[in-house]
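Participant: What follows is a protein structure lacking sequence information:
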Ligand SMILES: Cc1cc2nc3c(=O)[nH]c(=O)nc-3n(C[C@H](O)[C@H](O)[C@H](O)COP(=O)(O)OP(=O)(O)OC[C@H]3O[C@@H](n4cnc5c(N)ncnc54)[C@H](O)[C@@H]3O)c2cc1C
Ligand code: FES
């Protein structure tokens, strides 16, 4: 299977602090889509072979060239380079990588996205055909992105901000507890965001006896299981590669105290 392709940037827009980019990716979706929650590894920079992992937000097959959207924030050199690429520029992209969330189109899920962890949850919402509830969290209201898309793709959308500038004043796990307390019809909780948020969401799901899958963020090197940069400690003492065995894991597998 071909994993490395030249992909053209066909649109780019600013979404608050984040950059929303659409790429033409050839037959990448047709040949390597497994589930929402996979990621691409993009070469960021001309000289150094510097790849950066970015989650797939949404993707679709297309006879001419499959389309994929990514949303990212500038954190350092690599994402800064990427943010400055113009429409029409060709990127070197590996993908689709990783396993993604185990979801069924007929399933009903409680989706939880925190900050830049919000975009990949949109792919889950679209996959599960309108039955999900989304809980979107961020430091303040400008960090809550893609609300309109979630409103369109979900039955219900709830928002939490740390500073109370939009929705619930506080963290997302309070809304997770409230929702799971009021509605027993969810098949699972699916979450992507910073590690402390994932740990708290996992704890809440466990209290209600609901399965929970989390998308883990670790620094990456190769992106395909050939180095040890991305290892994540598991409860059973093993160490798994986030790039190859993840990035999505059953929350009960993860050693949250590592
Ligand atoms: C599977 C996966 C999916 C991701 N999806 C997205 C996404 O959809 N949108 C997005 O904006 N970002 C995403 N990230 C994070 C993104 O890869 C990092 O922000 C990026 O690699 C930073 O590279 P840089 O060269 O700009 O910054 P660097 O100079 O490499 O680092 C800048 C700062 O970010 C920290 N950092 C770098 N990489 C990571 C990482 N992987 N996890 C946590 N902290 C890191 C560094 O410690 C440093 O403090 C994802 C990461 C993973 C592992
Ligand atoms: S990044 Fe090299 S093994 Fe995961």
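Facilitator: Yep, it's here. Keep in mind that this is a model prediction, so the values were computed, not measured. Residues are numbered from 1 along each chain as shown. Ligands and ions are numbered 1, 2, ... in the order given.
Participant: ok, which stretches of the chain are helices?
Facilitator: Using DSSP state H, the helices found in the chain span residues 28-32, 77-83, 119-127, 147-153, 172-182, 195-207.
Participant: mind checking how far the residue lying closest to residue 43 once chain neighbours are set aside is from residue 63?
Facilitator: Leaving aside its sequence neighbours, residue 43 sits nearest to residue 92 (CB to CB, 6 or more residues apart in numbering; 3.9 Å). (C-beta placed from N, C-alpha, C; glycine too.) Residue 92 sits at a distance of 23 Å from residue 63 (criterion: CB to CB, to the nearest Å).
Participant: higher neighbour count, the two?
Facilitator: Under the criterion of other CB atoms under 10 Å, the comparison of residue 92 against residue 63 puts residue 92 first, with 14 against 7.
Participant: which residues touch the more buried one?
Facilitator: By CB atoms under 8 Å, 6 or more residues apart in numbering, residue 92 lies in contact with 4, 5, 6, 7, 42, 43.
Participant: Which strand residues bridge it?
Facilitator: residue 6 (DSSP bridges).
Participant: Would you pull up the residue in the stretch 51-200 of the chain closest to ligand 2?
Facilitator: residue 53 (8.1 Å; CB to the nearest ligand atom).
Participant: Quick check: closest non-adjacent residue to the most centrally placed residue in the chain.
Facilitator: In the chain, the residue lying closest to the centroid (CA atoms, centre = their mean) is residue 120, at 3.1 Å. Once flanking residues are discounted, residue 120 sits nearest to residue 55: 4.0 Å by CB to CB, 6+ apart.
Participant: What residues does this protein have near ligand 1?
Facilitator: Within the chain, the positions lying close to ligand 1 (CB under 6 Å from any ligand atom) are 39, 52-55, 71-73, 75-79, 116, 119, 217-220, 247.
Participant: Recalculate using a threshold of 8 Å.
Facilitator: 18, 39, 44, 50, 52-57, 70-82, 98, 116-117, 119-120, 215-220, 230, 242-243, 246-247 (CB under 8 Å from any ligand atom).
Participant: what about residue 88, neighbour count?
Facilitator: Residue 88, neighbours per other CB under 10 Å, totals 9.
Participant: tell me the contacts of it?
Facilitator: 8, 9.
Participant: now do residue 218
Facilitator: 229, 230, 231, 232, 242.
Participant: Is there a quick ChimeraX command that grabs whichever of those residues are buried?
Facilitator: Selection of buried members from the contacts of residue 218 for ChimeraX, criterion 16 or more other CB atoms under 10 Å:
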select :230,231,232,242
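Participant: tell me the two of the contacts of residue 218 that are most distant?
Facilitator: Taking CB to CB, the two most distant members of the contacts of residue 218 are 229 and 232; they sit 11.0 Å apart.
Participant: ok, residue 210 to ligand 1 distance?
Facilitator: According to CB to the nearest ligand atom, to the nearest Å, residue 210 stands 24 Å off from ligand 1.
Participant: Give the burial count for that residue, as a bare number.
Facilitator: With other CB under 10 Å as criterion, residue 210 counts 17.
Participant: same deal with the one 5 residues further on?
Facilitator: Each residue near residue 215 was counted by other CB under 10 Å, and the total is 28.
Participant: Show me what it bridges to in the sheet.
Facilitator: residue 192, residue 248.
Participant: List the contacts of it.
Facilitator: 37, 55, 101, 117, 120, 191, 192, 198, 246, 247, 248.
Participant: Check what pLDDT the residue of the chain found nearest ligand 1 gets.
Facilitator: Taking CB to the nearest ligand atom, ligand 1 has its nearest neighbour within the chain at residue 76, 2.2 Å off. Residue 76 carries a pLDDT score of 91 in this model.
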